[in-house]
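Q: sequence first, predicted model second:
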Amino acid sequence: MAMAYTTPFILFYILLTITPSLAESECNEGATLCWNCPNTGSPSSATFKGNLKAILFSFSTLLKPQNDVVRYYNMTVGTKPDDQVTAIGLCRGDLIKDPKLCQSCLNDTATSVLEKCPTQKEAIIWAEKCMIRYSNDDSRFHIMENKEPPKVLKSPKKYTDVSAEKFKEGLESLLDKLIVNASSSVEKYASGSVNVTASRSIYSLVQCIPSMSQKECSDCLDESSSMIPDQCCGGVEGARVLKPSCTIRYESGIFYNVTDNTSSNTNYSFEPSKEIGEEKNSKDKTVIPVLSSVIGVVVLTILVHGFA
């Protein structure tokens, strides 16, 4: 006999099936923090947790940056297979001359990831100005994860003062230039802006994990930028695409610090290929002569037949 499913049962089943994924990947209100806590097996041990805390809270105090350009930290503690922890901490590229803000972000984010992912052996958390990632499998940090679903956050604000085509063209032009600059630099970071119209500018930054190669960084950012604006963010003033290995953000107002590195803070020129308004006017101008010719032929025909 067929089983009859009531509406409450169906709703319960749907909630049951989607709840785990929602619990593993979330953002707080305002999306100032987003995290992903995949369930990768048995809960972490007390030794693992101790090693993890030791790493996370040493980023901003005991360790020196991996290089002199960006504040990037990478450390492994413990022995395989149960208690080893590999963790990275990365501050946004524009914080190079603001170590206190970088330190504060890493400390706050370390506390948050321990709260959000209390038993997981692997996690990643993105704040606005820094990110932290850890795993019990250090090979995870040497794999390009382009296929991993990104977290996409878009602004609730929509632009109305410029055409969608012109905004898209300006944004794509800006991202293309930033990706080239970031992937070819030591810091794997670039920021800049473009004036779409006299009153509308777009500001953006892109960043990869500094240990990535030029090709790895470029591939990661290219895949993320391909989602903007058509797949996720059409018509909105700003958005973020967050991945374990790279991030992209754009806004209608400046949101990053301008550093002395001019190659990472450039206002790029932008020449639209063709204005929609001009295209429309061109079509209108084409229609007018055609209509005039048709009307002339009709009038001439009437006159000829009239006098015949």
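A: Yep, it's here. Numbering: from 1, shown residues only.

Q: shaky segments in the stretch 101-250 of the chain?
A: 140-149 (pLDDT under 70).

Q: now do the helices in it.
A: Secondary structure of the stretch 101-250 of the chain by DSSP state H, counting those that start in this stretch: the helices cover 164-183, 214-225.

Q: now do the first one against helix 214-225, angle only.
A: Between helix 164-183 and helix 214-225, the angle comes out at 160 degrees (axes from the mean of the first three to the mean of the last three CA atoms, to 10 degrees).

Q: give me the helices and strands touching helix 164-183, please.
A: Judged by 3 or more CB pairs under 8 Å, 6 or more residues apart in numbering; DSSP states H and E, the packing partners of helix 164-183 are strand 189-195, strand 201-208, helix 214-225, strand 246-251, strand 265-268. The C-beta positions use only the backbone N, C-alpha and C, and glycine is treated the same way.

Q: relative to E172, how far out is C217?
A: For C217, the distance to E172 equals 18 Å [CB to CB, to the nearest Å].

Q: these two: which has the busier surroundings?
A: Set side by side, C217 and E172 show more neighbours around C217, with 26 against 15, by other CB atoms under 10 Å.

Q: list the contacts of that one.
A: Each residue near C217 by CB atoms under 8 Å, 6 or more residues apart in numbering is listed here: 182-183, 188, 208-209, 245-246.

Q: one more time with 6 Å
A: 183, 188, 208 (CB atoms under 6 Å, 6 or more residues apart in numbering).

Q: cool, and T47?
A: Neighbouring residues of T47 by CB under 6 Å, 6+ apart: D83.

Q: that one: which element?
A: Following DSSP states H and E, one finds T47 within helix 46-56.

Q: how far away is the spatially most central residue of the chain from F255?
A: With distances taken as CA atoms, centre = their mean, V241 lies nearest the centre of the chain, 1.8 Å away. Note on V241: its distance to F255, by CB to CB, is 15 Å.

Q: mind splitting the protein into its structural domains?
A: For the chain, automatic domain parsing gives the domain ranges 27-142, 152-268.

Q: can you pull out the strands in this structure?
A: Taking DSSP state E, the strands of the chain run over residues 25-27, 33-36, 72-77, 85-91, 122-127, 130-135, 151-154, 189-195, 201-208, 239-242, 246-251, 265-268.

Q: which helices and strands does the second one pack with?
A: Put plainly, it is strand 33-36. Judged by 3 or more CB pairs under 6 Å, 6 or more residues apart in numbering; DSSP states H and E, the packing partners of strand 33-36 are strand 122-127.

Q: contacts for the strand it packs on next, please.
A: Under the contact criterion CB under 6 Å, 6+ apart, strand 122-127 has outside partners 33-38, 40, 105, 109, 113, 117, 132-133, 135, 242, 244.

Q: now, of those, which are buried?
A: 33-38, 105, 109, 113, 117, 132-133, 135, 242, 244 (16 or more other CB atoms under 10 Å).

Q: what pLDDT is listed against V258?
A: Listed pLDDT for V258 reads 80.

Q: quick check, pLDDT for V298.
A: pLDDT recorded at V298 is 42.

Q: I meant A308, not that one.
A: On pLDDT, A308 comes in at 49.

Q: quick one: the residue nearest to S225 when sequence neighbours are not counted and S201, what's the gap?
A: What sits nearest to S225 in space, not counting adjacent residues and going by CB to CB, 6 or more residues apart in numbering, is L175, at 4.6 Å. Remark: distance between L175 and S201 (CB to CB) = 14 Å.
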